[in-house]
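>>> Predicted model, plus sequence, below.
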Amino acid sequence: MSFKNWPVWILVLWTVGVILASFVDFNTNQIHLDLILAKPCFQYILGLDDLGRDILPRLISGAKVSFLVIFLVTAVTASVGIILGLISGYYGGWVDRTLMQITDVFLAFPGILLAIAFAAVLGAGLTNLILALCITSWVGYARLTRGQVLSLRQRQHVIAAQSIGASTTRILLKHILPLIAAPLLVEATYSMASLVIAEASLSFLGLGIQAPNASWGGMLRDGVRYMLIAPHYVLAVGLSLMSLVLAVNVLGDQLRDQLDVRG
Amino acid sequence: MIKRFLGIIPVVFGVVSLTFLLIHAVPGDPVEVMLGESASNADRMELRAGLGLDKPIYAQFGIYLSKLVQGDFGISIHSRKPIVDMLLERLPATFKLAAFALLFAIFIGLPLGIIAAINAKKWPDTIANLLSLTISAMPHFWMGPMLMMVFALWLGILPVSGMENATSIILPALTLGFGLAAILTRMTRASMLEVLHEDYIRTAYAKGLPQRTVILRHALRAALLPVITVLGLQLGSLLAGAVITETVFSWNGIGRLLVESIEKRDYLVTQACVLVVALVYVIVNFVTDVIYTQIDPRVRFLK
């Protein structure tokens, strides 16, 4: 256990919290009317929010939502993006041109703009939030995979496999995919960090998780409203969010350096 | 350049198609969702006819396209004003905010990146790296309130929000610009480090030029090229970030219009805002591309 591993330890901490929250009921919606916006104390380590609810369990419950969204969206978008990228890069021709044209269109919407738009028209809620993020975040994986496949397609071991009659699926999965796993892993890490922010942004705008369920974005919005009289609220949520994003980003940097992936 | 310009046409067509489909992603009947239960039958008929919802989808797309080409984005359900007027009213504020944020990012990011590169692996580099990492982990909706808390509420030297004073723009511009400054610092550092290893830099030092001249005149010019490309791409993140920043600071730009329209379920306005921001982004990237080929002699002579 060295200092260099701090991102892992932060992630472990949050993960333990999330696992705990999945098994133990923290009474996240229990209201203490006499303690509205009370400052942190021994019993309530992070203080209470504008409805007199304990902030710490709500934070952990919000982390649970974030984790759920991140893992679902990453699983879906990485699979879809990688498959499309493999096909596009390997077959080339009109398939490639069409797919790349489509990714160009998606990339023409900066940042989370398209996710905001889809979340808005689909309506609020967890499912639609996940759907909106899925629609917009597969592009990075597809582009990266396609580029890598293009440079690997003419490698001798691939040509050798083709010449002895290996099926395309086998070549893609056994001879190409393992070689591009490292850059994909790094991409996935960075993408998870931006998903944390994207989920919180949408909830901040009121498009994601709805009250009374806890989400970091929603808590931040409430915290900002009362930041003059109860700065502990907005600080607790903001610093939590920062710790997670920072940890994932630094982990991405470390992975990139260790796996020798060129940024 | 003309070839490049032709290249963005399919992208623009795709962007228009995707924003057109946005209305059709509304679950159920978009007219009912937008107007709510209290609307009169006449209003419903009017909106339905305006959108062409009684016609097949390709005909609707045709109507949408032909109106767009004439600069007609439809009428806002809420304010009853033509949407194009609302957009034109709000766009300058967003451009102003983005320009200030960009300037700020350049003034912070470039020098910091250069200093970090010259002192690579020493303490100024470490500090610059820590700063840019921390700032990258601060989303706008957290950075904004923090700046507001310190400069407007505690120190009381800047306005909290709104756009009445000349100084009102400082906090939102800082909020929006910090993230870009962090990226710019890292880009400039990486790019400078690569250039500093070149032979001509060693030559410049060998002939006795002062470090200032070598860095600013010889190294920086070459190092800036990749930075400009990234800057063009990152301008998009400024536009997307403006949505949140404008909402936090009550800055009346197109981003706030977008959020307001979502809250009022005025989806035609939402659609128009998304389309306009995406088109601006496409144009900015095209212009960056052109500038890049103009200033990089290597690319220019390759043609």
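Noted; the coordinates are in hand.
>>> Which of the helices or strands spans the residue most central in space within chain B?
Against the mean C-alpha coordinate of chain B, by CA atoms, centre = their mean, the closest residue is residue B:239 at 2.2 Å. Using DSSP states H and E, residue B:239 maps to helix B:220-248.
>>> now do residue A:192
helix A:181-204.
>>> Buried residues in that helix, which are they?
Going by neighbour count (16 or more other CB atoms under 10 Å in any protein chain shown), the buried part of helix A:181-204 is A:182-184, A:186-204. For glycine as for every other residue, the C-beta is placed from the backbone atoms N, C-alpha and C.
>>> And for residue 128, nearest residue in space, chain neighbours not counted?
Chain wasn't specified; assuming chain A. Spatial nearest neighbour of residue A:128, chain neighbours left out: residue A:122 (3.9 Å); criterion: CB to CB, 6 or more residues apart in numbering or on different chains.
>>> could you do chain B instead?
Per CB to CB, 6+ apart, closest to residue B:128 is residue B:116, 4.0 Å.
>>> counting contacts, what elements does the helix or strand hosting that neighbour pack onto?
In the assignment (DSSP H and E), residue B:116 maps to helix B:83-118. On a contact count with 3 or more CB pairs under 8 Å, 6 or more residues apart in numbering or on different chains; DSSP states H and E, helix B:83-118 meets helix B:123-136, helix B:170-196, helix B:220-248, helix B:254-263, helix B:267-295.
>>> want to throw those helices into JSON lines with mean pLDDT and distance to residue B:143?
Shown next, in JSON lines, are the helices and strands packed on helix B:83-118 (pLDDT from 0 to 100; distance: least, CB to CB, whole Å):
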{"stretch": "helix B:123-136", "mean pLDDT": "89", "distance to residue B:143": "8"}
{"stretch": "helix B:170-196", "mean pLDDT": "91", "distance to residue B:143": "5"}
{"stretch": "helix B:220-248", "mean pLDDT": "85", "distance to residue B:143": "9"}
{"stretch": "helix B:254-263", "mean pLDDT": "92", "distance to residue B:143": "15"}
{"stretch": "helix B:267-295", "mean pLDDT": "88", "distance to residue B:143": "21"}
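>>> just for chain A, where's the confidence low?
A:1-2, A:262-263 (pLDDT under 70).
>>> Now do the same contact list for the closest residue in space to residue B:235 that isn't next to it in sequence.
Excluding its sequence neighbours, the residue lying closest to residue B:235 (CB to CB, 6+ apart) is residue B:284, at 5.0 Å. Counting by CB atoms under 8 Å, 6 or more residues apart in numbering or on different chains, residue B:284 makes contact with B:232, B:235, B:236.
>>> can I get those residues in a markdown table with neighbour count?
Listed next are the contacts of residue B:284 as a markdown table, based on neighbours: other CB atoms under 10 Å in any protein chain shown:
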| residue | neighbour count |
| --- | --- |
| B:232 | 19 |
| B:235 | 20 |
| B:236 | 22 |
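>>> Closest to chain A out of those?
residue B:236 (2.9 Å; CB to the nearest CB).
>>> Now that closest one. Nearest residue, chain neighbours left out?
Nearest non-adjacent residue to residue B:236 (CB to CB, 6+ apart): residue A:110, at 2.9 Å.
>>> SS state for the one you found?
Per DSSP: H, G, I helix; E, B strand; the rest coil, the local secondary structure of residue A:110 is coil.
>>> Hmm, it is touching residue B:285, no?
No: using CB atoms under 8 Å as the test, residue A:110 is too far from residue B:285 to be in contact (9.6 Å).
>>> Between these two, which has more neighbouring residues?
It is residue A:110, of residue A:110 and residue B:285, that has more neighbours when counted by other CB atoms under 10 Å in any protein chain shown, with 25 against 20.
>>> Please list all residues in contact with the more buried one.
Counting by CB under 8 Å, 6+ apart, residue A:110 has contacts B:235, B:236, B:237, B:239, B:240, B:277, B:278, B:281.
>>> Looks like the last one contacts residue B:235 (just checking).
Going back to what we said before, that points to residue B:281. Yes: here residue B:281 reaches residue B:235: they are 7.2 Å apart, a contact under CB under 8 Å.
>>> Would you mind listing what in the stretch 101-250 of chain B touches chain A?
B:133-134, B:136-142, B:145-146, B:148-149, B:153, B:235-237, B:239-241, B:243-244, B:247-248 (CB under 8 Å from any CB of the partner chain).
>>> buried subset of the residues you listed?
Looks like those have B:133, B:136-142, B:145-146, B:148-149, B:235-237, B:239-241, B:243-244, B:247-248 buried, using 16+ other CB under 10 Å.
>>> quick revisit: tell me, how many residues neighbour the residue nearest to residue B:128?
Residue B:116 has 26 nearby residues by other CB under 10 Å.
>>> Could you pick out the residues of the stretch 151-263 of chain A near chain B for me?
A:193, A:197, A:200-201, A:204-207, A:217, A:220-221, A:223-224, A:227-228, A:231, A:234, A:238, A:241-242, A:245-246, A:249-250.
>>> Just the buried residues of those residues.
Here the buried ones among these, as counted with 16+ other CB under 10 Å, turn out to be A:193, A:197, A:200-201, A:204-207, A:217, A:220-221, A:223-224, A:227, A:231, A:234, A:238, A:241-242, A:245-246, A:249-250.
>>> gap between residue B:123 and chain A?
Distance from residue B:123 to chain A, counting by CB to the nearest CB, to the nearest Å: 17 Å.
>>> In the longest helix seen in chain A, which of the residues would be classed as buried?
Among the segments of chain A that qualify as a helix by DSSP state H, the longest is helix A:55-91. By neighbour count on 16+ other CB under 10 Å, the buried set for helix A:55-91 is A:55-67, A:69-70, A:72-74, A:76-78, A:80-82, A:84-90.
>>> Just the angle for it relative to helix A:181-204, thanks.
130 degrees (axes from the mean of the first three to the mean of the last three CA atoms, to 10 degrees).
>>> got the CA positions of whichever helix or strand comes after helix A:55-91 in CSV?
Using DSSP H and E, the helix or strand that directly follows helix A:55-91 along the chain is helix A:93-107. The C-alpha trace of helix A:93-107 is given here as CSV (Å, rounded to 0.1, in the frame of the first residue of the first chain):
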residue,chain,number,x,y,z
GLY,A,93,-15.4,0.1,-48.0
TRP,A,94,-19.0,1.5,-47.9
VAL,A,95,-19.7,-0.1,-44.5
ASP,A,96,-16.8,1.9,-43.0
ARG,A,97,-17.7,5.1,-44.8
THR,A,98,-21.3,4.9,-43.7
LEU,A,99,-20.5,4.1,-40.1
MET,A,100,-17.8,6.8,-39.9
GLN,A,101,-20.3,9.3,-41.4
ILE,A,102,-22.7,8.4,-38.6
THR,A,103,-20.1,8.9,-35.9
ASP,A,104,-19.2,12.2,-37.5
VAL,A,105,-22.8,13.3,-37.0
PHE,A,106,-22.8,12.3,-33.4
LEU,A,107,-19.5,14.0,-32.8
